[in-house]
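**Q** for reference, the sequence and a predicted model appear below.
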Amino acid sequence: MISRLIVATAIALFLTPGLPVRAQEHPEHPKKTTEHPKQGAEKQVSTADISAGIKKNIDAKSKKSSDRKFHVKHESQDLALDLVRVHDDRLSDLGAGKYFACVDMKAADGKVYDIDFFLTGPPGAMKVTDTTVHKIDGKPLYDWKEKDGKWQKVPAS
């Protein structure tokens, strides 16, 4: 009877710390803060368009590299990465034809990099304008904070 209680308590304690960690997987990323009407024949950009644009960019750059990996610079290092997943819940239309995408990518050494992408352009022809390493193995290098209606990078807390 006592051994069952000890085993049940151990299992409960083992599983409990995982819940808050999963809930905090991603800090705030930049989001569109104001609505603006689309004019004329301009097509509304959906999160599916943003996701397709980022996947197309990663695929095209990976095919061009000799090792078939996506390369990004971080602290004077050239990281060769494979796409793990696009965070479809973090895709954002920032307004003025600018978009945000967040992806997880994995290096050969097993480290997982959270990469932030900024894009511009119409659906089907989106171009990446900026790429930065946001997290390494879940540890943020910076956070996002809204100031005067604009999103800015701030040191990780």
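**A** Thanks, I have it.
**Q** can we go C-alpha only for contacts and neighbour counts from here?
**A** OK.
**Q** return the set of residues that bridge with the residue sitting nearest the centre point of the chain.
**A** Central residue of the chain (C-alpha atoms, centre = their mean): C102, 1.8 Å from the mean position. As for beta bridges, C102 partners with D116 under DSSP bridges.
**Q** just checking, it touches D116?
**A** Yes - look at C102 against D116 with C-alpha atoms under 8 Å: they come within range, at 4.6 Å.
**Q** next helix or strand past the lowest-mean-pLDDT helix or strand in the chain?
**A** When the helices and strands of the chain are scored by mean pLDDT, DSSP states H and E, helix 18-23 comes last with a mean of 35. For helix 18-23, the succeeding helix or strand toward the C-terminus, using DSSP states H and E, is helix 47-64.
**Q** got the CA coordinates for that next one in PDB?
**A** C-alpha atoms of helix 47-64 as PDB (Å, rounded to 0.1, in the frame of the first residue of the first chain):
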ATOM      1  CA  THR A  47      -1.400  33.000 -42.700                       C
ATOM      2  CA  ALA A  48      -1.400  30.100 -45.200                       C
ATOM      3  CA  ASP A  49       0.200  32.500 -47.700                       C
ATOM      4  CA  ILE A  50       2.900  33.500 -45.100                       C
ATOM      5  CA  SER A  51       3.500  29.800 -44.200                       C
ATOM      6  CA  ALA A  52       3.800  28.900 -47.900                       C
ATOM      7  CA  GLY A  53       6.200  31.800 -48.500                       C
ATOM      8  CA  ILE A  54       8.500  30.900 -45.700                       C
ATOM      9  CA  LYS A  55       8.600  27.200 -46.700                       C
ATOM     10  CA  LYS A  56       9.300  28.200 -50.300                       C
ATOM     11  CA  ASN A  57      12.200  30.400 -49.200                       C
ATOM     12  CA  ILE A  58      13.700  27.700 -47.000                       C
ATOM     13  CA  ASP A  59      13.300  25.000 -49.700                       C
ATOM     14  CA  ALA A  60      14.800  27.200 -52.400                       C
ATOM     15  CA  LYS A  61      17.800  28.200 -50.300                       C
ATOM     16  CA  SER A  62      18.300  24.600 -49.200                       C
ATOM     17  CA  LYS A  63      18.300  23.300 -52.800                       C
ATOM     18  CA  LYS A  64      21.000  25.900 -53.700                       C
END
